[in-house]
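Colleague: When you get a sec, could you give me coordinates for this:
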Amino acid sequence: MLRRHARTACTVLAATGLALAGLQAGSATAAPHGEDRAPTVRTAADALGAASAQPELLRAMRRDLGLTRAQAENRLANEAEAGATAAGLRLDLGGAFAGAWVDGAESGTLTVATTRATDASAIRAAGARARVVTHGLTTLERAKEALDRAATADAPVRYVDVRANVLVVEEARAGAGARLVAATGVPRDLVKVVRTAEAPRPLYDLRGGDAYYMNGSGRCSVGFPITKGTTQGFATAGHCGRAGTSTSGFNQVAQGSFQASVFPGNDMAWVAANANWTATPYVKGAGGANVQVTGSVLQPVGSSVCRSGSTTGWHCGTVQQHNTSVTYPEGTISGVTRTTVCAEPGDSGGSYISGSQAQGVTSGGSGNCSSGGTTFFQPLNPILQNYGLTLKTTTDPGPGPGPGPEPEPGGTWAAGKVYAAGDTVTYGGATYRCLQGHQAQTGWEPSNVPALWQRV
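Modeller: I've put the predicted structure just below:
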């Protein structure tokens with residue numbers, strides 16, 4: 001944990017720091033009366049706004065990932081398509097699914113792993129490479145949960161490496177990984193122990209950009225702006241404050257207070273602002289430019305992700321593993337995403353974005369932006385769902401349905417609700433299954449966005 005004494009600023013990256021461009025939901029054309037025809041829809045890349053990446057993000061991807069502008073644009077489009085394809089295959093393969101990831105400078109190759117050789121043809125038919133492995137993802141994740149319950153800071157990080165089809169335990173002290181595995185009874189053939197010099201800790205306690213102050217002393221930075229009913233505010237990291245902690249803004253004007261906070265366990269919190277403050281659909285980009293936030297679809301392993309921090313600015317890297325567990329000196333947090341993006345003290349709580357999609361807020365990490373490092377972010381969707389928040393976004397729903405009668409909407413689908421993969425809803429008289437976790441919004445109705453919903 002990058003702590004300094006209490007008077008030093010706890011900087012969580014400004015949620016006015018990262019984001020991308022206008023998200024366009026797919027349009028649907030209704031069938032002529034009496035004819036049952038599938039709606040005409042845009043691609044996943046179109047629906048998720050992959051082609052609308054703003055210059056700040058593309059420049060950071062070029063610098064940190066060694067890409068040309070064209071490669072960066074292609075990569076974002078490919079990752080949007082890969083996420084939708086992998087999500088559909090995961091539901092279709094069920095318990096045999098063993099993970100998915102993208103490779104290549106432009107994320108042009110999607111690989112999907114399965115424990116059944118008979119699934120290979122279906123995977124290839126979907127446009128992905130098939131890999132047959134020994135262990136299903138569910139088996140490995142359940143083993144990780146057993147390790148999480150007994151872990152200490154001597155084995156600070158645990159995650160499933162889907163490429164290697166193994167549960168990885170990083171040990172900071174020789175023998176700690178083996179002792180943890182033995183104590184929990186997890187089968188040894190599921191686990192790979194690796195030595196690490198990392199000592200992950202929440203990244204805070206330095207001054208930042210759009211800062212806020214807690215109880216007039218410590219400092220953090222705004223995460224993603226949100227609303228809850230008529231209340232406006234922002235999501236941030238839980239280690240910045242507890243419920244009741246008062247906040248003032250970057251200008252020292254009274255701002256609001258923490259309404260709820262969880263840390264450790266997770267690293268999530270939200271602040272309700274007073275009437276002097278207005279939530280906007282932006283995060284702070286390079287040079288203070290506004291960058292738009294358009295949704296919250298979590299991207300697959302291997303995808304590019306960029307972070308904006310009040311200490312180190314814009315940096316990019318890739319998603320290494322989802323559902324990682326990290327044991328800080330204060331305790332264990334689970335469900336975070338591990339990335340290759342660097343960060344330093346003061347970047348904590350800041351925004352991670354992939355394409356135009358909000359990914360999460362900085363929790364902690366190790367290393368720095370001179371020699372490189374590893375960071376972890378708390379995914380945003382669980383924060384929104386846990387506290388009933390609505391992400392502030394800017395979208396262009398695109399053209400409406402073409403000629404012909406529209407189906408009567410109705411049903412159980414609702415804008416503003418957070419849906420997880422596998423959830424089912426009804427809309428327009430049909431039933432749909434969620435492919436990728438996201439917060440629903442107008443323009444992302446199930447019939448319009450096959451990247452997010454599959455009709456069943």
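Colleague: okay, S334: pLDDT?
Modeller: Confidence at S334, expressed as pLDDT, is 96.
Colleague: swap in the one 5 residues further on?
Modeller: The predicted local distance difference test score for T339 is 97.
Colleague: And it, how far from G317?
Modeller: 5 Å (C-beta to C-beta, to the nearest Å). Any C-beta I mention is one placed from the backbone N, CA and C, and that applies to glycine too.
Colleague: and what of T236?
Modeller: Computed as C-beta to C-beta, the T236 to G317 distance reads 22 Å.
Colleague: same question, S296
Modeller: S296 is 19 Å from G317, where distance means C-beta to C-beta.
Colleague: what residue lies at the spatial centre of this protein?
Modeller: Among the residues of the chain, the one closest to the centroid is Q359, at 2.8 Å (C-alpha atoms, centre = their mean).
Colleague: Which strand or helix spans the residue nearest to it when sequence neighbours are not counted?
Modeller: Sequence neighbours aside, Y352 is the residue nearest to Q359 in space, at 4.1 Å (criterion: C-beta to C-beta, 6 or more residues apart in numbering). Counting by DSSP states H and E, the element that carries Y352 is strand 351-354.
Colleague: Mind listing what's buried along whichever helix in the chain runs longest?
Modeller: Identified as the longest helix of the chain according to DSSP state H is helix 69-93. Neighbour-count burial for helix 69-93 flags 71-90, 93 (criterion: 16 or more other C-beta atoms under 10 Å).
Colleague: G265 - how many residues pack around it?
Modeller: Using other C-beta atoms under 10 Å, G265 is surrounded by 12 other residues.
Colleague: Provide a list of residues in contact with the closest residue to it other than its chain neighbours.
Modeller: With C-beta to C-beta, 6+ apart as the criterion, G265 has its nearest non-adjacent residue at 6.3 Å, and that residue is I333. Counting by C-beta atoms under 8 Å, 6 or more residues apart in numbering, I333 touches F263, P264, G265, N266, D267, S325, V326, S363, F376, Q378.
Colleague: so I333 bridges to which residues?
Modeller: Bridge pairing for I333 (DSSP bridges) gives the partners G265, V326.
Colleague: related to what we said a few turns ago, got any residues that touch both of T339 and G317?
Modeller: Common contacts of T339 and G317 (C-beta under 8 Å, 6+ apart): V305.
Colleague: What segments of the stretch 301-450 of the chain are helices?
Modeller: 380-387 (DSSP state H, counting those that start in this stretch).
Colleague: show me where it has strands.
Modeller: Remark: strands assigned in the stretch 301-450 of the chain by DSSP state E, counting those that start in this stretch are 304-309, 313-328, 331-339, 351-354, 357-368, 372-379, 390-391, 395-396, 418-419, 424-427, 430-434, 438-439.
Colleague: coming back round to it: relative orientation of whichever helix or strand comes after the longest helix of the chain and strand 304-309 in degrees?
Modeller: Counting by DSSP H and E, the next helix or strand C-terminal to helix 69-93 is strand 97-103. If you take axes from the mean of the first three to the mean of the last three C-alpha atoms, to 10 degrees, strand 97-103 sits at 70 degrees to strand 304-309.
Colleague: Buried residues, strand 97-103. List them.
Modeller: F97, A98, G99, A100, W101, V102.
Colleague: Could you do stretch 212-221 as well?
Modeller: Within stretch 212-221, the residues scored as buried using 16+ other C-beta under 10 Å are Y212, Y213, M214, G218, R219, C220, S221.
Colleague: next one: stretch 346-359
Modeller: Of the residues in stretch 346-359, 346-359 count as buried by neighbour count, 16+ other C-beta under 10 Å.
Colleague: So, low pLDDT: which residues of the stretch 151-300 of the chain?
Modeller: Applying pLDDT under 70 to the stretch 151-300 of the chain picks out residues 202-210, 285-286.
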